[in-house]
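*Asks:* sharing a sequence plus its predicted fold:
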Amino acid sequence: RCVAPTMAAAARPPIARATACTCSTRGAAARRTRTRAYKGEARPAAAPRFVQHKAEAKSFYRWLSIVYDLLVNPPHWNVPMREAALAPAALAPGQTVYDVGGGTGFLTLGIVQAVEPQNVTLLDQSPHQLAKARAKPELEGVTIVEGDAEELPFETDSADRYTSAGSIEYWPEPQRGICEAYRVLKPGGVACLIGPVYPTFWLSRIMCDIWMLFPREDEY
């Protein structure tokens with residue numbers, strides 16, 4: 001089942017963050033959509049941007065990783081937002097969880113509050129972001145691997161939960177990444193994907209246009 005604005009597994013409260021998010025329950029027959037409107041049009045998808053896909057992002061995050069946890073998470077992706085975003089995933093002890101595109105491990109920090117660290121795997125394509133994650137004592141026991149969201153190095157039907165925040169907008173073929181999420185989930189498993197949408201504040205719009213592609217909710 002798909003629910004927006006959180007791509008969520010059940011009819012749970014929408015997240016506070018300005019995101020489009022999708023959660024799906026593998027094996028569910030029903031599908032419905034709930035949306036919240038955001039004003040403002042994004043630039044055409046073909047318009048050039050500084051960072052648009054994962055190849056550029058990998059180089060960019062080599063430098064952004066230095067200040068990521070200081071400049072990005074506090075104003076744009078904070079603890080209350082994380083808690084609301086993870087609520088539809090219905091995390092519980094004993095589950096196996098893959099956190100894909102997890103970067104410095106901010107979402108993973110929320111996951112290990114509900115799931116044993118040894119049952120959690122954090123994957124990201126940036127070795128520099130992962131170095132920051134490895135340095136966090138709260139993530140001790142978490143398996144941290146470098147890899148591609150569109151070609152996951154995991155066995156089929158091996159996870160109870162799949163989470164991904166702030167990664168899908170970098171995927172050249174997002175459908176492929178979503179298919180990978182479905183592949184690695186066990187029957188009845190849940191995938192929760194959270195991605196940014198085009199902002200409403202004029203200055204934020206300018207920054208987003210320069211920086212990278214931020215889709216509208218209807219484009220998700």
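*Replies:* Great, that's in hand. Keep in mind that what you see is a predicted model, and the values were worked out from it rather than measured.
*Asks:* for stretch 142-151, buried residues please.
*Replies:* Residues 142, 144, 147-150 are the ones in stretch 142-151 that count as buried (16 or more other C-beta atoms under 10 Å). For glycine as for every other residue, the C-beta is placed from the backbone atoms N, C-alpha and C.
*Asks:* which outside residues touch it?
*Replies:* Residues outside stretch 142-151 that contact it (C-beta atoms under 8 Å, 6 or more residues apart in numbering): 54, 100-101, 105, 108, 112, 117-118, 120-127, 130, 133-134, 153, 164, 167-168, 171-173, 176-177, 180.
*Asks:* those in helices, which ones?
*Replies:* Among these, the members found in helices (DSSP state H) are 54, 108, 127, 130, 133-134, 176-177, 180.
*Asks:* so which of the residues you listed is the most crowded?
*Replies:* Among those, the one with the most neighbours (other C-beta atoms under 10 Å) is Thr108, at 27 neighbours.
*Asks:* what stretches of the chain score poorly on pLDDT?
*Replies:* 1-66, 72, 211-213 (pLDDT under 70).
*Asks:* sheet-wise, list the partners of the biggest strand by length in it with their directions.
*Replies:* Among the segments of the chain that qualify as a strand by DSSP state E, the longest is strand 185-196. According to DSSP bridges, strand 185-196 forms sheet pairs with strand 19-25 (antiparallel), strand 159-165 (parallel).
*Asks:* in it, which residues are buried?
*Replies:* For strand 185-196, burial by neighbour count (16+ other C-beta under 10 Å) applies to 185-186, 189-196.
*Asks:* now, among those residues, which is nearest to Leu86?
*Replies:* Cys192 (7.1 Å; C-beta to C-beta).
*Asks:* ok, back up a step: could the buried residues of stretch 142-151 go into CSV alongside distance to Tyr220?
*Replies:* Below are the buried residues of stretch 142-151 laid out as CSV (distance: C-beta to C-beta, whole Å):
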residue, distance to Tyr220
Val142, 28
Ile144, 28
Gly147, 23
Asp148, 21
Ala149, 16
Glu150, 17
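*Asks:* in TSV, list those along with distance to Trp77 and secondary structure.
*Replies:* Formatted as TSV, those follow (distance: C-beta to C-beta, whole Å; DSSP: H, G, I helix; E, B strand; the rest coil):
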residue	distance to Trp77	secondary structure
Val142	19	coil
Ile144	19	strand
Gly147	22	coil
Asp148	22	strand
Ala149	18	coil
Glu150	22	coil
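*Asks:* need the max-distance pair from the residues you listed.
*Replies:* Using C-beta to C-beta, these span at most 22.0 Å, a distance reached by Val142 and Glu150.
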